[in-house]
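Colleague: only geometry, no sequence info:
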């Protein structure tokens, strides 16, 4: 018995110290709904409790994250759901991935977590190496500078500032000093120190909700109403007709129309002395409705930027990290040269942006804050990047995406009065429905069958599964969606 | 031998599974500097490496956080330093506190860390309880609503939005709907949907670096120059003469002068149709120079807000969490009624704000983002709040602060040509020097003796030790500071 106990303890000790992977629950075979409705009674009770301290209207249900596994989550009422939304696309390896659970089974990493430094002053000894080995490893081609932040909004805010700083440096001359008038007026929020510059963004864009980011967000009025803003230009984003191969000529005209307006707006804002310093664009407009534009559109957009000597920023906060089958969505566009700035967050666990050296401010403390990111999140990202490579997850995304997209295209044919305009890359897919109400019905009925999806734009349904989403998961989604569509009578 | 091994393993297993406290290194007796200069050669090498991917000018040295303990950190060159700056005041329990190290020695908490939810849609089952038991437990009196965010800038940005939303709701009428004109103009960033409202802040204020927060930041031009901004009013903040008891009448006049300008600015901005919707203020202006104002000043400021029916926001991002001897610095001001909004971050590990129900937006999705904070940081905060209570750390702060302040006051007398204007509450202390260069010399020479402090404003030195800073630490700081001062010849 002694020996048996010793062995058992040895195993336990080994398990906690040396085994690479935690054990996680196996995925369920399919979703199971236990409560009469979702949210069930326990979720409703918790929602009321949460409502005591904050606005809780948007809460769909409460999750038991201890039981979540892979592509599946379980709510507090015992419902097991296949999650194709994955916390707004921010869980690349799904729930409770053994590699992520293992990260903090390690005293060194726990110390990284507990001693969060002010990275701009007192970084840890391995910070430079971590940036080099993890973030630079996934850097978009040609962008070898990295600025880290905590979230997507802060990434965009500071990237915007970097664009303004660079624009003014060039205008002023590389070695010119700030004038006293600039210094004094900057403190009063007035030109010339706080110059009347603008950023151009697109109708339907979402770039965040802090006030600078919000000035470029153009998706829904509820995000913007009652908040003071800046007079910045908004150009139309291509509104394509689907299927693309049937409407090629008309969609090309749409590209031209939008690009012409971009040029007109740059000129108009130059005339009103609110020069456009840069253009910010999502490779796929996500919150705004999964609106796509062609590689040619983005190539032309870059041409316009180069011609006007202004910056091009790709906001890859939602598209970055592999969901489109490439690590960065803009890699699909075959751009003649790298974009100037690429922002990220969500799947990368922390926020930030990649940029060229040209965008590195020459003076310290201009792009700065207390934490400048979080080294503990980089430790998670390290495992995420490793697993993406080891498990060939970008290939997996392509395979599962093909199955899901093919199924959605079939539904367009079978239920043309209900759904249309299947679009997307990898598993980063969407389909439109006829009306906002119909969209809400489909998303709601899917949830009743244990499938989590989400709306975007006015009447679209978006899929943002984890990178570990497989063909079999796609087939379950399609099976349930067919059931939902076949039961809607209009 | 078998038994011995078994016991050893049992102990190891127990230690990792059941023991409440991790063991941490004991604190060194005093700082020790090993390298000829700080930063030493290894830090310089790492700085060059970091400079390859980002601006690294501001890095003081690289830290070996594995060896840091309590009030002491160690850099990569083997220097052991007493840290009174504590990552810009964001480490309430110092380094590697056993209670914090223990938090993730627990499968449930690791799962919270690894499965970071979109809290607005899919909170975990214990989220409402955690908010109730942890954040509400430390809520400023009278403020029972909580909005969580990731950092201080986002806290301020969304708190500002909440102020604008509330202002417009009252102006429009509680049950009035948005007009089509408002909806349409909001999307174009123009009034009336994006109204010409303003926030009043103070000269010397620091509220963050994202564009909304930056419009209220008025501490240093380098934060603001080249960034477009909003025409918002800036009032003077009291600039007291020290010692306070010698300049009572003159400082009271200073209060009056500043408050009169606040009133004038509210009127002026009303006339230019940029109505002031609220006033944002730090209880102690920190980054701007540790500038204090009297309780009467803040009481009067609240009166002005009430009279004009506008909001009062206390930005407690740096002052909150106990450094002043109370959990919230504004508790020192004996305000007739609670402030409307109090923002926090730093020592609380995540950002956010407390507010009254009046500031809860009536429509969902107006104050929102993907993560809305981070439940893993709440787990750390849970232990921080517990330790503050159990170890009576607010009393500790008072005791250690008294020793430090008494010593600083003595230095004013002994070295009046070098330092003056000792001020502060608890250990949240500062002292001024005669010139910016002299300040930099003192901070630099202290670092050579193993004491980390920091500058603020033009020529002040600020102390932001952890709450576990004790009288003996204060005495070491004073000892080294006396040495530094006695060796400066001017």
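Modeller: Cool, the structure landed. This is a predicted model, so every value here is computed, not measured.
Colleague: Residue A:424 is in what secondary structure piece?
Modeller: The secondary structure element spanning residue A:424 is strand A:419-425 (assigned by DSSP states H and E).
Colleague: helix or strand right after that strand?
Modeller: Under the assignment DSSP H and E, the closest C-terminal helix or strand after strand A:419-425 is strand A:428-433.
Colleague: buried residues in the next helix or strand after that following strand?
Modeller: Remark: after strand A:428-433, the chain's next helix or strand is helix A:436-448, criterion DSSP H and E. Buried positions in helix A:436-448, judged by neighbour count with 16 or more other C-beta atoms under 10 Å in any protein chain shown: A:438, A:439, A:441, A:442, A:443, A:445, A:446, A:447. C-beta coordinates here come from the backbone N, C-alpha and C atoms, glycine included.
Colleague: Looks like the last one contacts residue A:37 (just checking).
Modeller: I take that to be residue A:447. No - at 9.5 Å, residue A:447 and residue A:37 do not qualify as touching, with contact defined as C-beta atoms under 8 Å.
Colleague: top helix in chain A by residue count?
Modeller: helix A:248-271 (DSSP state H).
Colleague: What are the buried residues along it?
Modeller: Neighbour counts over helix A:248-271 (16+ other C-beta under 10 Å) mark A:251, A:254, A:255, A:258, A:259, A:261, A:262, A:265, A:266, A:269 as buried.
Colleague: re earlier: can you name the two of the buried residues of helix A:436-448 that sit furthest apart?
Modeller: Using C-beta to C-beta, the buried residues of helix A:436-448 reach their maximum pairwise distance at A:438 and A:447, which is 15.1 Å.
Colleague: Each with direction, which strands does the strand holding residue A:424 pair with?
Modeller: Strand A:419-425 sits in its sheet next to strand A:428-433 (antiparallel), going by DSSP bridges.
Colleague: got the angle between the partner strand and helix A:436-448?
Modeller: Here strand A:428-433 runs at 130 degrees with respect to helix A:436-448, directions being taken by axes from the mean of the first three to the mean of the last three C-alpha atoms, to 10 degrees.
Colleague: Residues in contact with strand A:428-433: which ones?
Modeller: Where contact means C-beta atoms under 8 Å, 6 or more residues apart in numbering or on different chains, the residues beyond strand A:428-433 that reach it are A:284, A:289-290, A:319, A:323-325, A:329, A:401, A:404-405, A:408, A:411-412, A:418-424, A:439, A:442, A:456, A:459-464.
Colleague: quick one: average pLDDT of that strand?
Modeller: Taken as a whole, strand A:428-433 has an average pLDDT of 98.
Colleague: ok, residues contacting the longest helix of chain A?
Modeller: Among residues not part of helix A:248-271, those counted as contacts by C-beta under 8 Å, 6+ apart are A:198, A:200, A:202, A:233-241, A:244, A:275-276, A:279, A:293-294, A:296-297, A:300-301, A:304, A:308, A:310.
Colleague: Follow the chain on from that helix and name the next helix or strand.
Modeller: Where DSSP H and E defines the elements, the next helix or strand beyond helix A:248-271 is strand A:276-281.
Colleague: what comes up buried for that following strand?
Modeller: For strand A:276-281, the buried set under the neighbour-count rule, 16+ other C-beta under 10 Å, comprises A:276, A:277, A:278, A:279, A:280, A:281.
Colleague: Mind giving me the packing neighbours of the helix or strand where residue A:377 lies?
Modeller: With elements taken from DSSP H and E, the one containing residue A:377 is helix A:375-390. Of the remaining helices and strands, those touching helix A:375-390 by 3 or more C-beta pairs under 8 Å, 6 or more residues apart in numbering or on different chains; DSSP states H and E are helix A:98-101, helix A:107-114, helix A:127-130.
Colleague: What count of nearby residues applies to residue A:200?
Modeller: Each residue near residue A:200 was counted by other C-beta atoms under 10 Å in any protein chain shown, and the total is 25.
Colleague: thinking it is in contact with residue A:278, fair?
Modeller: Yes - when contacts are counted by C-beta under 8 Å, residue A:200 is listed as touching residue A:278 (7.4 Å).
Colleague: Pull up the residues of the stretch 201-350 of chain A that are close to chain B.
Modeller: Along the stretch 201-350 of chain A, the residues adjacent to chain B under the rule C-beta under 8 Å from any C-beta of the partner chain are A:203, A:208-213, A:215, A:218, A:220-232, A:234, A:345-346, A:349.
Colleague: can you give me the helices for the stretch 101-250 of chain A?
Modeller: Secondary structure of the stretch 101-250 of chain A, counting by DSSP state H, counting those that start in this stretch: helices at A:107-114, A:127-130, A:152-172, A:180-187, A:211-216, A:221-224, A:248-271.
Colleague: Columns mean pLDDT on top of these, output as JSON lines?
Modeller: Formatted as JSON lines, the entries for those read as follows, by pLDDT from 0 to 100:
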{"stretch": "helix A:107-114", "mean pLDDT": "96"}
{"stretch": "helix A:127-130", "mean pLDDT": "98"}
{"stretch": "helix A:152-172", "mean pLDDT": "98"}
{"stretch": "helix A:180-187", "mean pLDDT": "98"}
{"stretch": "helix A:211-216", "mean pLDDT": "98"}
{"stretch": "helix A:221-224", "mean pLDDT": "98"}
{"stretch": "helix A:248-271", "mean pLDDT": "98"}
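Colleague: Mind checking what helix or strand follows the helix or strand hosting residue A:74 in sequence?
Modeller: Element membership of residue A:74 [criterion: DSSP H and E] is strand A:72-74. Next in sequence after strand A:72-74, counting helices and strands by DSSP H and E, comes strand A:80-83.
Colleague: Could you check how far that following strand is from the centre of its chain?
Modeller: Its chain's C-alpha centre and that of strand A:80-83 lie 21 Å apart, by C-alpha atoms, centre = their mean, to the nearest Å.
Colleague: quick one: low-confidence parts of chain A?
Modeller: Across chain A, residues meeting the criterion (pLDDT under 70) sit at A:1-24.
Colleague: Tell me how many other residues crowd the closest residue in space to residue A:312 that isn't next to it in sequence.
Modeller: The shortest distance from residue A:312 to any residue that is not its chain neighbour, by C-beta to C-beta, 6 or more residues apart in numbering or on different chains, is 4.3 Å, and that residue is residue A:305. As a burial measure, the neighbour count of residue A:305 was computed by other C-beta under 10 Å and equals 21.
Colleague: orientation of whichever strand or helix holds residue A:305 relative to helix A:248-271 in degrees?
Modeller: Element membership for residue A:305, per DSSP H and E: helix A:295-308. Relative orientation of helix A:295-308 with respect to helix A:248-271: 20 degrees, computed using the same axes, to 10 degrees.
Colleague: so how far is the helix or strand that helix A:295-308 is followed by off the chain centroid?
Modeller: Note on helix A:295-308: by DSSP H and E, the next helix or strand toward the C-terminus is strand A:311-315. Using C-alpha atoms, centre = their mean, the mean C-alpha position of strand A:311-315 is found 15 Å from that of the whole chain.
Colleague: and what of stretch A:110-127?
Modeller: 25 Å.
Colleague: now swap in stretch A:179-190 and tell me
Modeller: Centroid separation for stretch A:179-190 versus its chain: 36 Å, with C-alpha atoms, centre = their mean.
Colleague: before we move on, what about stretch A:90-107?
Modeller: Here stretch A:90-107 is found 19 Å from its chain centre; the criterion is C-alpha atoms, centre = their mean.
Colleague: residues in contact with the nearest residue in space to residue A:247 that is not next to it in sequence?
Modeller: Ranked by C-beta to C-beta, 6+ apart and with sequence neighbours excluded, the top spatial neighbour of residue A:247 is residue A:241, at 3.9 Å. When contacts are counted by C-beta under 8 Å, 6+ apart, residue A:241 touches A:247, A:250, A:251.
Colleague: residues near the residue nearest to residue A:56 when sequence neighbours are not counted, how many?
Modeller: Beyond its immediate neighbours in the sequence, the residue positioned closest to residue A:56 (C-beta to C-beta, 6+ apart) is residue A:50, lying 4.2 Å away. Here the number of neighbours of residue A:50 (other C-beta under 10 Å) works out to 21.
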